[in-house]
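> Sequence below, structure please.
(2 chains)
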Amino acid sequence: MSIQVKLFGPLVDAAGKAEIKIKDIEDTFSLKQEILCQYPAMKDFIFLISVNRKIVKENSTLKSGDEIALLPPFAGG
Amino acid sequence: MLVEKKKHRVFVNGPVSPQFIADSIAKHSSKTTIGAHDIFLGQVRADEINGKTIKAIDYSAYEDMAEEKFHEIRESAFSKFDLTCMHIYHSMGKVKAGEICLFVFTSSKHRAIAFDACRWIVEEIKANVPIFGKEIFEDETYIWKENKDTPALKGEKTNEQTNNKN
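Numbering: from 1, shown residues only, chains lettered A, B, ... in the order given. Model prediction:
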């Protein structure tokens, strides 16, 4: 399964693009590992993963069609 | 349970103008059960960091998630506080130092509720809405703004944190 991952803020700078595609990933922990492996510049940043617009901190199984994003610290206001 | 999803536009392009704020106040003159308004205005600061001064913040957002969060904040505010009405406006794009980037407006019968709700809403926005801000210096270099109560900074830190502002 191939997963589209949306990036925001400093993570766009780190990856050089606003969306990345990661292949053969089953859950959020392995997604994070794979991203840090493919985009080592992201190791310098703190981020959380959201699945379908909800932040997930526990490992979560991903299914096709899930909306995945990496969220750096918020800065509203 | 089905929640009524009435669309409330929160994001405005660029700064929130004083005229817009004045017009919002004027629109409430017909709502005569209101006895107290409270308004919070967030303004972009010209902070000096390592000898360079911030001239603007360029805001971006994960808009779909941000809209859901604003909706949740709105629903929670109405259930927690006896509000007559409330409005939230936040800037997207560039806002110069000295301009307004956040406008929260709460109205109630009495002042205590308007004060409490306004503060609660502002804190919720700063902590939980996925908005990102690029702080741009006069020489066009930039750093990324980080709110201190943001979830990414509260969780376990599995990555090395090396992108501190200073």
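> Tell me which stretches of chain A form strands.
Secondary structure of chain A (DSSP state E): strands at A:2-7, A:19-23, A:48-51, A:54-56, A:68-71.
> Show the low-confidence segments of chain A, by residue range.
Along chain A, the model assigns pLDDT under 70 to no residue.
> So which residues on it come close to chain B?
A:6, A:8-10, A:32, A:36, A:42-48, A:50, A:53, A:55, A:57, A:67, A:69, A:71-77 (Cβ under 8 Å from any Cβ of the partner chain). Just so you know, the C-beta spots here come from the backbone N, C-alpha and C atoms, and that holds for glycine as well.
> quick revisit: dump the strands of chain A to a markdown table, plus mean neighbour count.
Shown next, in a markdown table, are the strands of chain A (neighbours: other Cβ atoms under 10 Å in any protein chain shown):
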| stretch | mean neighbour count |
| --- | --- |
| strand A:2-7 | 17 |
| strand A:19-23 | 14 |
| strand A:48-51 | 21 |
| strand A:54-56 | 14 |
| strand A:68-71 | 23 |
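> got TSV for those, with distance to residue B:154 too?
Output for those, formatted as TSV (distance: least, Cβ to Cβ, whole Å):
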stretch	distance to residue B:154
strand A:2-7	21
strand A:19-23	25
strand A:48-51	9
strand A:54-56	11
strand A:68-71	12
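> Residue 73: what's it in contact with?
Unless you meant another one, I'm taking chain A. Counting by Cβ atoms under 8 Å, 6 or more residues apart in numbering or on different chains, residue A:73 touches A:9, A:46, B:144, B:146, B:147, B:150, B:152, B:153.
> You answered for a different chain; I wanted chain B.
So residue B:73 contacts B:88, B:121, B:124, B:125, B:128, B:129 (Cβ under 8 Å, 6+ apart).
> Any figure for the gap between the second one and residue B:20?
According to Cβ to Cβ, to the nearest Å, residue B:121 and residue B:20 sit 18 Å apart.
> Looking at the two, which one has more neighbours?
residue B:121 (26 against 13; other Cβ atoms under 10 Å in any protein chain shown).
> how much space between the residue nearest the centre of chain B and chain A?
For chain B, the residue nearest the mean C-alpha position is residue B:102 (4.3 Å; Cα atoms, centre = their mean). Residue B:102 sits 5 Å away from chain A, going by Cβ to the nearest Cβ, to the nearest Å.
> Find the nearest non-adjacent residue to that residue, please.
residue B:42 (3.3 Å; Cβ to Cβ, 6 or more residues apart in numbering or on different chains).
> wait, is the one you found part of a strand?
Yes. Counting by DSSP: H, G, I helix; E, B strand; the rest coil, residue B:42 is found in a strand.
> okay, now it: neighbour count?
Residue B:42 has 19 nearby residues by other Cβ under 10 Å.
> Please apply the same query to residue A:1.
Quick note: residue A:1 (other Cβ under 10 Å) scores 12 neighbours.
> Against chain B, how distant is the closest residue to it other than its chain neighbours?
Closest residue in space to residue A:1, ignoring its immediate chain neighbours: residue A:64 at 5.6 Å, by Cβ to Cβ, 6+ apart. Going from residue A:64 to chain B by Cβ to the nearest Cβ gives 19 Å.
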